[in-house]
Structure formats: structure tokens, C-alpha cells
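Q: Quick check, what structure comes out for this input:
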Amino acid sequence: MLQTQVSLNQSQAHIPRGVADYFWSEASARRNLEHTLIALFRSWGYQDVIPPMFEYAETFQHRANPRLQAEMYRFLDRDGSTLALRVDMTIPVARLVSVRLHDWPMPQRFCYAGSVFRYTEPQAGRQREFIQAGFELIGARTPEADAEVIALTVQAVRRAGLDDFRLVLGQIQYFDSLLQDLHLSPEQATHFQRAINRNSEADLAEFLRTTPLRTQQRHTVEQLPQLSGSDAHAIIAQADRLCLNYAMHAALENLRRIHAVLEAYDIADAVYLDLTEINNLGYYTGITFEVLVPGMGFAVGSGGRYDNLIGSFGPAQPAVGVALGLDRLLAAARGGWHNDQTQPVAPHLLVATDNNPDCLRIVDGWRRAGLRVAVSVDGLAGDQLFQSALSLNIPLAATWTGQGLDLWQTVHGTSAEPTQVTVADAPSVVALVTAAANGADGSAGGKE
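A: I've put the predicted structure just below:
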């Protein structure tokens, strides 16, 4: 019986594979990045949306590609219905707009941050539960809408601390229209898409060897891997000469107009055009894009246009959006994935208030000024308070005296004579604390 209890306790002490505990600085970094991105999205006119953590499985089942369908976490409700944890954020937002906002003025802009769940092999920058932050622009079909989403994505990645990155932009309508002209069997189409997705010369050569095509079709397929580069004008011109139908020309004209707006935003240099970029979650209909960082083996974000998704729930609306992986952004900003020991983010001050109303008002003022202030709740004061602050890496400790505060700095690790701070002088402590937190006086504590 005792052995069974010990075994149960050990299993309860672990977490499932593919999820993680985040605390102290690791948790703070995620929250800070989440808040930074949401604030940026709001500044562009996007409003918050929080979709449910799980929905009916059918909501995702018929709208995601086979890979996403295979990665869904499904479970039975007590009424017998099949539910699923959300596998992405775009599909729930599309459902919301179609069902509840179909008669509202368009366009509508939404932004979000939250956990997404996929049953996949854990890897660097991606667990089975991971946080996505993103936004959706719904109700506009114009190149200006596509360009806004791309421009805001570029700004978001820069705001996350990344300067060396590339947004790889494709137009899935160009590839889909080529497929329609080739009239391939399902097996041939799969072979062709696999060759393009893998950027495999051998697979493409095998496809061309085993698939009968007209001369112009064969020429276009052979040249398709060359349609990528940073010179968008040259790539579009070359792709135009390879078009087999009007729909392919229309897709390129769409790219021309988007690129012109990106030049107006002055971010065209961050965009790399690639017409072999055919990443499709199952609902993209126009542009698709990924954000890539040198040295990282994964995209930190992806998005695209999905004009048919909302209509699968009810009244149709065109839409375009993006989702960014917070863990991947953090990994890229740090120069690579690592598992360094997390550290607590220390308060700026530790204060023994003696439950005095005047002192508590001072503490409240410091907090409203942006400082992190912890109140001693274990009865410590004086040198004992100083030692506690030192052990917790808190740069300053203060004890209420009745007329003001005795203030100690924990910079050098040894107690010193306290500085006398009157009630009137208390606001000036903000500058001192800020300097200490930034290491201006040599302190190692409190720096974010």
C-alpha cells in the first residue's frame, strides 16, 4: 500500500511530455513580450478577442489541413459530443465573426494572445502547448489590407528584439492556378507539391520524368524553383512570362500592388518574394508568408489570406492575418534555444512598513510610479531586513521610523549606515531606485 502511494505521488510530481512550467524570469519574459505585442496591435486599431480554449471538434476538423487534423487533441464531453483543444486561433475567430458579427460594419480588426495545443513531437521553440500572439483583419479584400498585415508583422518582430530576419512572401493562388492547368492526378499533384515544399531538385526531376506535360507546362514547372529572391520586381516579371492562364497573371498583379504599398511603408527590404512558398494550413487562398531568422530551424511566425474560411460558418467575408510564436520569438531574440536556469525578477525595494498608513501611502505612490515594491510580512526590520533583501537580490531595503524611512543599499553585500528619508523626500527615492535597478551604482540586483 505504501509503495503504491509513493508511486502515485511521484507521477503527480511530473508533467506530461510537451508542456512546461515557466516561472520567475522565464514567465516574466513571456508576459512582457505578450503585453508588448498586444499593445502594438491595439495601436494599429486591433481589438482584443479571447476565443474558448476548446470547441466542438468539427469546428477544426473540416477546416484544417490533414496535418493539423492529425495533431488535434480530442476528448469526449459528458453529453457524448467530441470536443477539441484549439489547434490554432484563426479558425475560432473566423467562427466568431461569421456567427456573431456578420451584420456589423466591416472591416473588423482583432488581436489575441493565448495557448494553442497540437499533438506533435516537442522540439526547440515548440511544445505541445505553446503561446501564439496574432491578429486578423476581416472584411477587406484589398492589397492594402494584405500590406497592412505584413507591415504590422514586420514591426512586431522588430519590437520583439529581432533585426536580422526575413519575411518570405508567396502567393498560393499562383501555384494553385498552375496546378489547375496541369490537370494532374491526386498522386501526381502530391508528388509535385512534395518536391516544391522540400525544394528538392531530385524529386522535381523525378516528377518531370514520370509526368507527361506540354512544352510550356514543362518549362514553367522547371523554372518554378527560380522564382524567389529579394528583387520583387524582377521575380514578378520572370513569373509573368511563365504564366499559363489568367488566374496566374491575376495572382502576380495582386503581388505587384501589395509590394507597392510595402514600399510606401518602407519595409519592402525586409520582404523576400518566393513563389514556391506554398505553406497552407488548409484555408489560405492568396498570399502566404513566414518569418525566418538566420540560424533558426523554424519559422517564428506565419500568416496569409483566407477568403473562404469565414464563409464556411455562415456569411462570407474576406480576411487576412498572422500568428507569431512567443517561444520562438524569445528563442530567436536570445540567439538560439537554450535551457539556462531561470532567475527570479527581484523587486526594487523591500519595505518594513509597521502597518503605518503614511508609509503604506508612500509604498502605493512608488508602485504607481512604476517601481516593484515588496512589503515585509515577516516582522523583519533594520539589519535583519537588510540581510533578507540581500539574500533575495533586492537592491534597496527600507524601514519605517515613524517620521520617515531608513534606507539601505545592498550593493556591496555589507551593511552600512542607512540614509534618512523623510516623508517629503520619499518621491525622490524613485530616481535612486531606478539608477540602482539599472546598475548605475554597480548593483547586480533588480535589473530586468
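
Q: only C-alpha atoms for contact and neighbour calcs from this point on.
A: OK.

Q: Poorly predicted segments of the stretch 1-150 of the chain, please.
A: In the predicted model of the stretch 1-150 of the chain, residues 1-12, 124-125 satisfy pLDDT under 70.

Q: CA atoms only for stretch 161-175, dumped as PDB, please.
A: This file holds the C-alpha atoms of stretch 161-175, laid out as PDB (Å, rounded to 0.1, in the frame of the first residue of the first chain):
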ATOM      1  CA  GLY A 161      14.000  42.500 -30.400                       C
ATOM      2  CA  LEU A 162      14.800  40.900 -33.800                       C
ATOM      3  CA  ASP A 163      16.500  42.900 -36.600                       C
ATOM      4  CA  ASP A 164      18.100  40.100 -38.700                       C
ATOM      5  CA  PHE A 165      15.100  38.300 -40.200                       C
ATOM      6  CA  ARG A 166      13.300  37.800 -43.500                       C
ATOM      7  CA  LEU A 167       9.600  37.700 -44.200                       C
ATOM      8  CA  VAL A 168       9.200  35.200 -47.100                       C
ATOM      9  CA  LEU A 169       6.100  36.100 -49.100                       C
ATOM     10  CA  GLY A 170       4.400  33.800 -51.500                       C
ATOM     11  CA  GLN A 171       1.100  33.800 -53.500                       C
ATOM     12  CA  ILE A 172      -0.600  30.400 -53.200                       C
ATOM     13  CA  GLN A 173      -3.100  31.400 -55.900                       C
ATOM     14  CA  TYR A 174      -0.200  31.400 -58.400                       C
ATOM     15  CA  PHE A 175       0.700  27.800 -57.500                       C
END
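
Q: Check the offset of that stretch from the chain's centre.
A: Using CA atoms, centre = their mean, to the nearest Å, the mean C-alpha position of stretch 161-175 is found 16 Å from that of the whole chain.

Q: Could you do stretch 190-210 as well?
A: Relative to the chain's own centre, stretch 190-210 is displaced by 32 Å; criterion: CA atoms, centre = their mean.

Q: mind listing what's buried in that stretch?
A: Along stretch 190-210, the positions that meet the burial threshold by neighbour count (16 or more other CA atoms under 10 Å) are 191-193, 195-196, 203-204, 207.

Q: And what about Gln188, helix, strand or coil?
A: Of the three states, Gln188 takes helix under DSSP: H, G, I helix; E, B strand; the rest coil.

Q: Out of the buried residues of stretch 190-210, which sit inside helices?
A: Among those, the ones falling in helices (DSSP state H) are 191-193, 195-196, 203-204, 207.

Q: out of those, who's nearest Phe165?
A: The closest of those to Phe165 turns out to be Ile196 (CA to CA; 22.5 Å).

Q: quick one, domains of the protein?
A: 24-333, 349-437 (automatic domain parsing).

Q: Turn these into CSV, including distance to Gly18.
A: CSV is the format used below for the domains of the chain (distance: least, CA to CA, whole Å):
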stretch, distance to Gly18
domain 24-333, 5
domain 349-437, 32
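
Q: do you know which of those domains lies nearest Gln343?
A: Closest of the domains of the chain to Gln343 is domain 24-333, at 5.3 Å (criterion: CA to CA).

Q: Low-confidence ranges, the stretch 151-300 of the chain, go.
A: For the stretch 151-300 of the chain, the stretches with pLDDT under 70 are 280.

Q: Just the C-alphas of the one helix or strand Ser115 maps to, formatted as CSV.
A: Using DSSP states H and E, the element containing Ser115 is strand 108-117. These are the backbone C-alpha positions of strand 108-117, laid out as CSV (Å, rounded to 0.1, in the frame of the first residue of the first chain):
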residue,chain,number,x,y,z
GLN,A,108,-13.1,44.4,-38.2
ARG,A,109,-9.7,44.0,-36.6
PHE,A,110,-9.0,41.5,-33.8
CYS,A,111,-5.8,40.7,-31.9
TYR,A,112,-5.1,37.9,-29.4
ALA,A,113,-2.5,36.0,-27.3
GLY,A,114,-3.1,32.6,-25.8
SER,A,115,-2.2,28.9,-25.7
VAL,A,116,-2.6,26.6,-28.7
PHE,A,117,-2.4,22.8,-28.5
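
Q: Quick one: list the elements packing against it.
A: Counting contacts by 3 or more CA pairs under 8 Å, 6 or more residues apart in numbering; DSSP states H and E, strand 108-117 is packed against helix 24-43, strand 47-48, strand 129-138.

Q: chain center to that strand, what's the gap?
A: Relative to the centre of its chain, strand 108-117 is centred 9 Å away, using CA atoms, centre = their mean.

Q: Report the buried residues of stretch 69-78.
A: When neighbours are counted by 16+ other CA under 10 Å, the buried residues of stretch 69-78 are found to be 69, 72-74.

Q: could you redo the residues you listed as TSV and give each row distance to Pro92 and secondary structure?
A: What follows is the buried residues of stretch 69-78, written out as TSV (distance: CA to CA, whole Å; DSSP: H, G, I helix; E, B strand; the rest coil):
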residue	distance to Pro92	secondary structure
Gln69	15	helix
Met72	14	coil
Tyr73	15	coil
Arg74	16	strand
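
Q: what's the closest of the residues you listed to Gln132?
A: Of all those, the one with the least separation from Gln132 (CA to CA) is Met72, at 16.1 Å.

Q: Nearest spatial neighbour of the closest one, chain-adjacent residues omitted?
A: Leaving out its chain neighbours, the residue that sits closest to Met72 by CA to CA, 6 or more residues apart in numbering is Arg118, at 5.6 Å.

Q: Kindly report the same for Pro66.
A: Once its chain neighbours are removed from consideration, Pro66 has its nearest residue in Gly282; the separation is 7.8 Å (CA to CA, 6+ apart).

Q: helix/strand/coil for that neighbour?
A: Counting by three-state DSSP, the backbone at Gly282 sits in coil.

Q: Count the residues that sit near it.
A: Gly282 is surrounded by 16 other residues when neighbours are defined as other CA atoms under 10 Å.

Q: ok, now Ala39?
A: Burial of Ala39, expressed as a neighbour count using other CA under 10 Å, amounts to 14.

Q: Next: the one 5 residues further on.
A: Residue neighbour count, defined by other CA under 10 Å, stands at 11 for Trp44.

Q: what does Ser228 give?
A: Ser228: 22 surrounding residues under other CA under 10 Å.

Q: and it, what does it touch?
A: Taking CA atoms under 8 Å, 6 or more residues apart in numbering as the criterion, Ser228 is in contact with 235, 272-276.

Q: what's the distance between it and Cys359?
A: Distance check for Ser228 against Cys359: by CA to CA, to the nearest Å, it reads 64 Å.

Q: same check, this time on Ala239
A: Note on Ala239: its distance to Cys359, by CA to CA, is 71 Å.

Q: what does Ala270 give?
A: If you measure Ala270 against Cys359 using CA to CA, the figure is 52 Å.
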